[in-house]
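Trainee: let me see the structure of the following:
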Amino acid sequence: MIKSRQNGFTLIEILIAILILGTVLATVYAAYTGTLRIVKDTGYEDDIYSMARVTMKRMTEDLESICKYKESFKFISERKAISEKEFTEISFLSSAHLNFTDGNSSGLAFINYFVEEDSEREGYVLIRKDVLHKGEKDEEIERNGGFILCDKLQSLSYTFFDSKGKEQESWDSDSEAQKGKAPALVSIHLDFTNPDDEDMPYRFMTKVFLPMTGE
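Mentor: Numbering: from 1, shown residues only. Model prediction:
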């Protein structure tokens, strides 16, 4: 009798099949993780651009609504050191009062923009504080409370320009040189953290003309 030939795979064929399967799985995994990374990066960038847009819009509306009290403007900038970095705070009198309690947005207010370190997330947070002006001549602005406008902030700087277009690093309407005056234009620079490259932050800049200064 003739023995029937048994069909099967040799050891080499099995090893080749395993190699091909491993290559396919590695390719699929790389494509999958790459897609997830792109989705994550895109989502992060969307958050940054959205925060930058909202922040710039709010600051622009506040600055454009700057106003006088008893024929004088109130506008003060001050440098503050926060965790080995320096940030500029600005405080000014504006008609852009926002009341989140009862929805009433009328009246004058001292608006204060300041930065604090974000203890829960990377970077810093920008805070807007709005205190209704009650008419006191030397009303103090306390640096607490307020609402967070944006987080993941890496740096924030301002450049001020007077009515003649001269650039100023700081502004103080209580000083002799700038007594009762406000800048005619404010340039705002915002940098947000880039987790992939610390030296290449997401940068945004805008210039706000202050029409109420009358300059």
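Trainee: use CA for all of it now, contacts and neighbours both
Mentor: Noted.
Trainee: now do stretch 50-67, average pLDDT.
Mentor: Rounded to a whole number, the mean pLDDT of stretch 50-67 is 93.
Trainee: can you give the strand pairings for the longest strand seen in the chain, parallel or anti for each?
Mentor: Residue-count comparison of every strand in the chain, with assignments taken from DSSP state E, identifies strand 147-161 as the longest. Its sheet considered, strand 147-161 pairs with strand 124-132 (antiparallel), strand 167-168 (antiparallel), strand 185-192 (antiparallel) by DSSP bridges.
Trainee: can you show me the strands along this protein?
Mentor: Ranges of strands in the chain, per DSSP E, are 68-69, 72-73, 75-82, 85-94, 109-117, 124-132, 147-161, 167-168, 185-192, 202-209.
Trainee: doesn't residue 128 make contact with residue 113?
Mentor: Yes: taking contact to mean CA atoms under 8 Å, the distance of 4.7 Å between residue 113 and residue 128 places them in contact.
Trainee: now the common contact residues for the two.
Mentor: Taking CA atoms under 8 Å, 6 or more residues apart in numbering as the contact rule, residue 113 and residue 128 touch no residue in common.
Trainee: returning to what we had before: for residue 51, find the nearest of the strands of the chain.
Mentor: Across those, residue 51 has its closest neighbour in strand 147-161 (5.7 Å, CA to CA).
Trainee: check contacts around the closest residue to residue 183 other than its chain neighbours.
Mentor: With sequence-adjacent residues excluded and distances taken as CA to CA, 6 or more residues apart in numbering, residue 183 is closest to residue 162, at 4.9 Å. Residue 162 sits next to 168, 182, 183, 184, 185 when contact means CA under 8 Å, 6+ apart.
Trainee: name the spans of this structure whose pLDDT lies under the cut-off.
Mentor: Applying pLDDT under 70 to the chain flags the ranges 1-9, 32, 34-42, 100-106, 135-144, 214-215.
Trainee: let's see that with 80 instead.
Mentor: Low-confidence segments of the chain, defined by pLDDT under 80, are located at 1-9, 11, 13-14, 28-43, 84, 99-107, 119-122, 133-145, 212-215.
Trainee: one step back: show me how to select, in ChimeraX, the buried members of the contacts of residue 162.
Mentor: Command for ChimeraX, covering only those of the contacts of residue 162 found buried under the criterion 16 or more other CA atoms under 10 Å:
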select :182,183,184,185
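Trainee: now the contacts of residue 162 in TSV, with distance to residue 10?
Mentor: What follows is the contacts of residue 162, written out as TSV (distance: CA to CA, whole Å):
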residue	distance to residue 10
168	82
182	87
183	84
184	84
185	81
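Trainee: which one of the contacts of residue 162 sits closest to residue 48?
Mentor: Distance ranking of the contacts of residue 162 against residue 48, using CA to CA, places residue 185 first at 25.2 Å.
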